[in-house]
Structure formats: C-alpha cells, structure tokens
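Undergrad: sequence and predicted model, in that order:
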Amino acid sequence: MQKLTNPEIDAIESDLGFQLPGLYRKLLIEIGHGECDGFEIYHPREISGLYEHHFDNPADLFRSYFPFGCNNRMQEICLIDPSREVAASIWHETHPDDYPDERWLPYEQWMLEHDSKLPRAEI
C-alpha cells in the first residue's frame, strides 16, 4: 500500500477536474492505495478505466457513485455516494440501477465495519 499526501491528492484532483470524496481522501492518506490480502484501494487515476463502461451515462460514475476499491475475496465493490456522504460494499455483479437499494452507511460506520478488512500501508 502506498500512502498519498494532501498535496499529492490536491494535484490529482486538479488534473482530474473534480474533488475526491472525503472518505476516499482519508483512506488514501491513512491507508494508501494498492492491494493487500484481497482488498484493494484504487489509485484515483485508475477508476475511470475500470468502471466507466458500467454506466449508461459515464458522468454518473463520479457524480452519483464513486467506486474506490474492492474486496476480491467477497467479490464486492466499495462505493461512495458523494452527495450523501455514505459508503457501501456491493456485490460486483449488481447493476448500477440497483445501487440505491443497497446498504449505505455513514462514513464512520462503514469504516468501523470494515476496519479489520482494510489493508495498512507499510511504515
């Protein structure tokens, strides 16, 4: 796992043209991006290529749902709804039209439920 600093994230946001959700930013700073023990947190520049094709309207990828990682062992995608500041872990075959019916949690609660599954960056 490779941690990012606030200035690095600011530069990435500038290049991408949008602000990253708060939970995702926190994960990038505290845990980092990369894969460990089946859990992966994506680098911000990877997300479009991985998920844009799942959406009829590609703009929904970041506006409505922000996939920031996955749990390969559970076959789940980790998503953020940036407008509501909630997160969910959703089975990878779930269609985006069905995302609203999933179990969405406030950031703090999502972190508490997933803390033991999250990888940690090397010190």
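TA: Noted; the coordinates are in hand.

Undergrad: and the least confident helix or strand in the chain by mean pLDDT, what does it pack against?
TA: Here the helix or strand of the chain ranked lowest by mean pLDDT, DSSP states H and E is helix 60-63, holding a mean of 76. In terms of contacts (3 or more CB pairs under 8 Å, 6 or more residues apart in numbering; DSSP states H and E), helix 60-63 is packed against helix 47-51. C-beta: built from backbone N, CA, C; applies to glycine.

Undergrad: quick one on the thing from earlier: list the contacts of the next helix or strand after the least confident helix or strand of the chain.
TA: Sequence order places strand 66-71 as the next helix or strand after helix 60-63, per DSSP states H and E. For strand 66-71, the surrounding residues in contact (CB atoms under 8 Å, 6 or more residues apart in numbering) are 20-21, 23-24, 27, 38-42, 47, 50-51, 61, 76-82, 89, 92, 117.

Undergrad: and these, which are buried?
TA: 20-21, 23-24, 27, 39-42, 47, 51, 61, 76-82, 89 (16 or more other CB atoms under 10 Å).

Undergrad: just checking, which of the contacts of strand 66-71 belong to helices?
TA: Using DSSP state H, the subset of these located in helices is 23-24, 27, 47, 50-51, 61.

Undergrad: against residue 16, how distant is residue 5?
TA: Per CB to CB, to the nearest Å, residue 5 is found 17 Å from residue 16.

Undergrad: of the two, who's got more company?
TA: Under the neighbour definition other CB atoms under 10 Å, residue 5 and residue 16 were set side by side, and residue 16 has more, 14 against 10.

Undergrad: the more buried one reaches residue 47, doesn't it?
TA: No - if you go by CB atoms under 8 Å, residue 16 and residue 47 don't touch, sitting 9.1 Å apart.

Undergrad: contacts only, for residue 3.
TA: Per CB under 8 Å, 6+ apart, neighbours of residue 3: 28-32, 121.
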